[in-house]
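Visitor: compute the structure for the input listed below.
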Amino acid sequence: MSAAAKQNILVVEDEEVMRTILRQLLETEGYNVFTSDSTENAIQVFSTNEITLTLTDIRMSGRDGLELLDHIKSVDPEAIVIIMTAFSSVDSAIAALRKGAYDYVTKPFVNDDLLQTVKNAVKQRLLFQENRFLRRELRQKYDFSQMIGKSDALQHVFSLVQKVAVTSANILIQGESGTGKELVARSIHFNSKRADAPFLAVNCGALPESLLESELFGHTKGSFTGAIADKKGLFRSANGGTLFLDEVSEMPLALQVKLLRALQEHEVTPVGSAEAVKFDARIIAATNRRLDTEVADGRFREDLFYRLNVVEIDVPPLRERRDDIPLLVKHFAAKNARGQNSAEKLVTNEAMAAIIRYSWPGNVRELENVIERAVILSGPEIGVDGLPSKIADSTNDSAHAPNDRPTLEEMEQRYLLEVLSSVNDDKSQAARILGIDLSTLYRKLKRYEEE
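Guide: The predicted structure follows:
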């Protein structure tokens, strides 16, 4: 009974004989038992000890068990309390259940029945503790420190995330594939007041329209072939938490209408049902396309765009924040070394130069995969020979190139200025042509002025 011996049970009973019987019964099962003859004393014991479960009589002289229940739940909403009651006061026990008691037992009770109730309750408490630990781990995994980088572009994103996390506003995250849009979404959720509730994600481009509708809004049994039971859907399953709609630009127009109504009314209608059901979930949407361009081209509803785009966060591609690459390389190298229980490998200057120079079309996701491969294939340090040829060759080509060959950034600057000139310096139109948002355009222009 070593597992039970680690669990502290508080028995609150004003009859000394019953208190002694309960203590002996529970100690025989290996539990560590505290006893109290009053609510006042029980409150003191509870506040000074790590109590797994409280077993209290409902009727005692002075303050009763319901008052003790109220106090314990106010201190720890996840606390486990079992009520003991006589047959004549079952109504009071039911009232205790409404107040959050785990269960109740009636006197006189069968020892085995009581012990089984206690055993189940202890399991429930341990599950609560495990979930609390996992939530704490998730918060640490997705705290702001995981957004690695010192570039101005990333610091701007970091500042926005900090500001919006404490609100309940809908968020639209835009950026190329692999830039870390889901990491941004999870960071917002796990640093918000909704952190203890679910974070659920769905890729809107990965499912056909009929399945996506059922996945989002739920369905009733028999509403279509294969619907063998009712399904809540993600909107309701994420209640109190966050629903992440990844690649929302891929959602069919017909389904966009239903999503718009859900956001307007804060309710969904399951497939096969005529009854709408309320939900409370924050919506964070993401896309690797410019939604304003999709609206202009008739592929995305303008009214839905504005519903989703209460706050817009643009995650810059890796090529626009090359200062962050060495930090990311070190982070991924250390992460993969830990995963393989090996020493962290250093990256040679030549290899780092190649990594920084490469254009990274797959962004941070591609960089992480490359470093994982390099850690596996390289010796004590990661050199150019440990990199894919397309990356290793990027530095070799540059080394043997004529001195007057323009860099990638110089070519980008020339193209951007040519586009601006062709539209008579209309920056909004230039941003649409370039496929970037207006803030990114201004940021680039400011950088060019400073160079």
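Visitor: so what touches the helix or strand containing residue 335?
Guide: Using DSSP states H and E, residue 335 sits within helix 325-339. Helix 325-339 has contacts (Cβ atoms under 8 Å, 6 or more residues apart in numbering) with 148-150, 318, 343-345, 347, 352, 355-356, 364, 367-368, 371-372, 374-376, 382. From N, CA and C alone the C-beta is placed, and that goes for glycine too.
Visitor: also stretch 414-422?
Guide: So stretch 414-422 is contacted by 406, 426, 427, 430, 433, 434, 441, 444, 445, 448 (Cβ under 8 Å, 6+ apart).
Visitor: residue contacts, the second one?
Guide: Yep, that's residue 426 we're talking about. Counting by Cβ under 8 Å, 6+ apart, the residues that residue 426 touches are residue 420.
Visitor: how near is it to residue 432?
Guide: 10 Å (Cβ to Cβ, to the nearest Å).
Visitor: can you pull out the helices in the stretch 251-400 of the chain?
Guide: Using DSSP state H, counting those that start in this stretch, the helices found in the stretch 251-400 of the chain span residues 253-265, 291-296, 302-308, 325-339, 349-357, 363-377, 389-399.
Visitor: how about the stretch 101-250 of the chain?
Guide: Remark: helices assigned in the stretch 101-250 of the chain by DSSP H, counting those that start in this stretch are 111-141, 152-165, 181-190, 209-217, 234-237.
Visitor: mean neighbour count and distance to residue 392 added to those, as a markdown table?
Guide: Shown next, in a markdown table, are the helices of the stretch 101-250 of the chain (neighbours: other Cβ atoms under 10 Å; distance: least, Cβ to Cβ, whole Å):
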| stretch | mean neighbour count | distance to residue 392 |
| --- | --- | --- |
| helix 111-141 | 14 | 32 |
| helix 152-165 | 17 | 26 |
| helix 181-190 | 23 | 28 |
| helix 209-217 | 19 | 42 |
| helix 234-237 | 21 | 43 |
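Visitor: turn those helices into CSV, including mean pLDDT and distance to residue 258.
Guide: Listed next are the helices of the stretch 101-250 of the chain as CSV, based on pLDDT from 0 to 100; distance: least, Cβ to Cβ, whole Å:
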stretch, mean pLDDT, distance to residue 258
helix 111-141, 76, 31
helix 152-165, 90, 26
helix 181-190, 92, 22
helix 209-217, 92, 7
helix 234-237, 94, 11
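Visitor: quick one: closest of those to residue 84.
Guide: Closest to residue 84 of the helices of the stretch 101-250 of the chain, according to Cβ to Cβ: helix 111-141, at 8.6 Å.
Visitor: so which bits of the helix holding residue 335 are buried?
Guide: 325, 328, 329, 330, 331, 332, 333, 336 (16 or more other Cβ atoms under 10 Å).
Visitor: please apply the same query to stretch 237-251.
Guide: Under 16+ other Cβ under 10 Å, the buried positions of stretch 237-251 are 237-238, 241-251.
Visitor: nearest to residue 286, of those residues?
Guide: For those, the nearest to residue 286 is residue 246 (5.1 Å; Cβ to Cβ).
Visitor: what about residue 21, distance to residue 32?
Guide: 17 Å.
Visitor: same check, this time on residue 239
Guide: 37 Å.
Visitor: in the chain, which ranges drop under the pLDDT threshold?
Guide: The chain contains residues with pLDDT under 70 at 1-5, 87-89, 130-146, 394-408, 450-451.
Visitor: okay, which residue is most central for it?
Guide: What sits nearest the mean C-alpha location of the chain, by Cα atoms, centre = their mean, is residue 186, with 3.8 Å.
Visitor: how much space separates it from residue 39?
Guide: Residue 186 is 43 Å from residue 39, by Cβ to Cβ.
Visitor: same check, this time on residue 371
Guide: Relative to residue 39, and taking Cβ to Cβ, residue 371 is found at 59 Å.
Visitor: residue 438 too?
Guide: 63 Å.
Visitor: same check, this time on residue 115
Guide: 24 Å.
Visitor: tell me the domain ranges of this protein?
Guide: The chain breaks down into these domains under automatic domain parsing: 2-138, 142-316, 319-399, 408-450.
Visitor: distance between the ends of stretch 330-350?
Guide: Separation of the first and last residues of stretch 330-350 by Cα to Cα, to the nearest Å is 15 Å.
Visitor: export the helices of the stretch 101-250 of the chain to JSON lines and tack on distance to residue 301?
Guide: JSON lines is the format used below for the helices of the stretch 101-250 of the chain (distance: least, Cβ to Cβ, whole Å):
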{"stretch": "helix 111-141", "distance to residue 301": "34"}
{"stretch": "helix 152-165", "distance to residue 301": "23"}
{"stretch": "helix 181-190", "distance to residue 301": "21"}
{"stretch": "helix 209-217", "distance to residue 301": "15"}
{"stretch": "helix 234-237", "distance to residue 301": "18"}
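Visitor: which of those helices sits closest to residue 294?
Guide: Per Cβ to Cβ, nearest to residue 294 of these: helix 181-190, 16.1 Å.
Visitor: which residue comes closest to residue 7 once chain neighbours are left out?
Guide: residue 52 (4.1 Å; Cβ to Cβ, 6 or more residues apart in numbering).
Visitor: what of residue 342?
Guide: The nearest residue in space to residue 342 (Cβ to Cβ, 6+ apart) is residue 375, at 7.8 Å.
Visitor: got the contact list for that neighbour?
Guide: Here residue 375 is in contact with 333, 336, 337, 340, 342, 345, 382 (Cβ under 8 Å, 6+ apart).
Visitor: 7 Å instead, please
Guide: For residue 375, the contacting residues are 333, 336, 337, 340, 345, by Cβ atoms under 7 Å, 6 or more residues apart in numbering.
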